[in-house]
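K.L.:
Dropping the sequence and predicted coords here.
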Amino acid sequence: CHTSGMLTPNGKEYAQKIPREELTHLILKLLQAWKEPLSHFNQHIEHHQELPEDSLSKAKQISNMVHELKTGVEKSMGIISNSLNGMASSEGTALSISNEANMMSDSDFFHCFRRDSNKVQSYLKILKCRIMPENSC
């Protein structure tokens, strides 16, 4: 996976020990790492006429969800300027990561995307419990 080089906690217990700001930044890095590969994937599948329209629609929907999720995390955590500055400084890394992602097979692409989306979902649940402990997490 093109995001394998990113240091992420192994397991929920380790993720719970990470400070909120660090965990939020990690979520943003994972989402940013998928922006370009998802865009290229959408362009790739649009050229395959044999794919059903609902598959094309689903791929675009996933890309939009990733973008909206990234924007929502940035806004809700109040770190828009900090995260954008951090992302800008690592643009060279993001470029090499996206090139690696573009060379993956479709099955590897989906496997890696599912893996990373599960991580983001877990991290978001941890953040939600920290922010709103009344949800009996």
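P.N.:
Good, I have the coordinates. Numbering: from 1, shown residues only.

K.L.:
from here on, contacts and neighbour counts on C-alpha atoms
P.N.:
OK.

K.L.:
what's the spacing between the spatially most central residue of the chain and I62?
P.N.:
Closest to where the C-alpha atoms of the chain average out (Cα atoms, centre = their mean) is L31, at 2.4 Å. According to Cα to Cα, to the nearest Å, L31 and I62 sit 12 Å apart.

K.L.:
ok so, going back, contacting residues around the residue nearest to the centre of the chain?
P.N.:
Residues counted as contacts of L31 (Cα atoms under 8 Å, 6 or more residues apart in numbering) are V66, H67, K70.

K.L.:
Within the helices and strands, which one has K119?
P.N.:
Counting by DSSP states H and E, the element that carries K119 is helix 106-131.

K.L.:
how about that helix: buried residues?
P.N.:
F109, C112, F113, D116, S117, K119, V120, S122, Y123, L124, I126, L127 (16 or more other Cα atoms under 10 Å).

K.L.:
Against which helices or strands is that helix packed?
P.N.:
If contacts are counted by 3 or more Cα pairs under 8 Å, 6 or more residues apart in numbering; DSSP states H and E, helix 106-131 sits against helix 12-17, helix 20-46.

K.L.:
ok, back up a step: could you measure from the residue nearest to the centre of the chain over to P133?
P.N.:
Following Cα to Cα, the distance that separates L31 from P133 is 25 Å.

K.L.:
try Q121
P.N.:
In terms of Cα to Cα, Q121 sits 17 Å off from P133.

K.L.:
same thing with R115?
P.N.:
Counting by Cα to Cα, the gap from R115 to P133 is 26 Å.

K.L.:
Same check on N64?
P.N.:
29 Å.

K.L.:
now P9, what's its secondary structure?
P.N.:
coil (DSSP: H, G, I helix; E, B strand; the rest coil).

K.L.:
contacting residues for it?
P.N.:
Counted by Cα under 8 Å, 6+ apart, P9 has contacts A15.
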